[in-house]
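Asker: Structure, please.
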Amino acid sequence: MIEFDCPQCRGHFSVDDNLAGRRARCKKCGTPLTIPSPQLLAALQAPPANRQPRLPPRLRRLQADAEQMRDAFANFPLIKVRSMTGEPPDEYEIEYFVRGLERLADLKDPVERSYHTVQIKLTGDYPRMSPQCKMVTPIFHPNIEPGTICVGDHWTAGERLVDLVVRIGEMIAYQAYNIKSPLDGEAAMWADLHVGDLPVDERNLRPPELD
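Answerer: Numbers count the residues shown, from 1 in each chain. The predicted model follows:
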């Protein structure tokens, strides 16, 4: 038998097990209710020590980010998660196997570079504030300097980390760039003069799992 109380008037009821999940109304106060299953009742009646503690919102977000990152890039050849730090992770190192540019000291024009590494840190203010992103490997791009990647001024808490990782890849490949407010003025001038040569890498950097 299933024994349960009405959530409104606390009236007590006892019904057969085969009625679990049925919609009904309390005979005393008329409140609509669903007859709980024996499994649900057992979980609710378990001692607090046996219940799984509910994580704070930020930790739940970090946990969801980590699961999405693993699923999206596990079998994707152009973007790989090199490392995750923290439990749940709040720091990532991402590898990009895409064509971008770097400037060598002894050459006038930038040259292609096909491997890039990015570090992403999720601060204590994340997801309210955007992640801190920086290049680990050399790059020549209007919106990237060694210590900062300009990921945009319109970050919202609802934006997914996996989408940001793809957007950084699109920046590296020159599929996305902005020469109007650059971090690297020299790279912005070069991009403006060589717009016909861009993007450097035209491949789709979005894993199928994200579509």
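
Asker: and residue 61, which of the three is it?
Answerer: For residue 61, the assignment made with DSSP: H, G, I helix; E, B strand; the rest coil gives helix.

Asker: Just give the nearest non-adjacent residue to residue 77, would you?
Answerer: Across the structure, with CB to CB, 6 or more residues apart in numbering as the measure, the residue nearest residue 77 apart from its sequence neighbours is residue 97 (6.5 Å). Where C-beta positions appear, they are placed from N, C-alpha and C, glycine not excepted.

Asker: so what's that neighbour up against?
Answerer: 77, 78, 79, 80, 114, 115 (CB atoms under 8 Å, 6 or more residues apart in numbering).

Asker: Number of residues surrounding the fifth one?
Answerer: Which is residue 114. Using other CB atoms under 10 Å, the number of residues around residue 114 comes to 11.

Asker: how close does it sit to residue 105?
Answerer: With distances defined as CB to CB, to the nearest Å, the gap from residue 114 to residue 105 amounts to 20 Å.

Asker: contacting residues for the residue nearest to the spatial centre of the chain?
Answerer: In the chain, the centroid-proximal residue (CA atoms, centre = their mean) is residue 161; its distance is 2.4 Å. Residues touching residue 161, when contacts are defined by CB under 8 Å, 6+ apart, comprise 65, 68, 69, 92, 120, 122, 131.

Asker: tell me the domain ranges of this protein?
Answerer: Split into domains by automatic domain parsing, the chain comes to 2-50, 57-210.

Asker: which of these sits most buried?
Answerer: Mean neighbour counts were compared across the domains of the chain using mean count of other CB atoms under 10 Å; the top stretch is domain 57-210, at a mean of 16.

Asker: Tell me which helix or strand residue 171 sits in.
Answerer: Taking DSSP states H and E as the definition, residue 171 sits inside helix 161-172.
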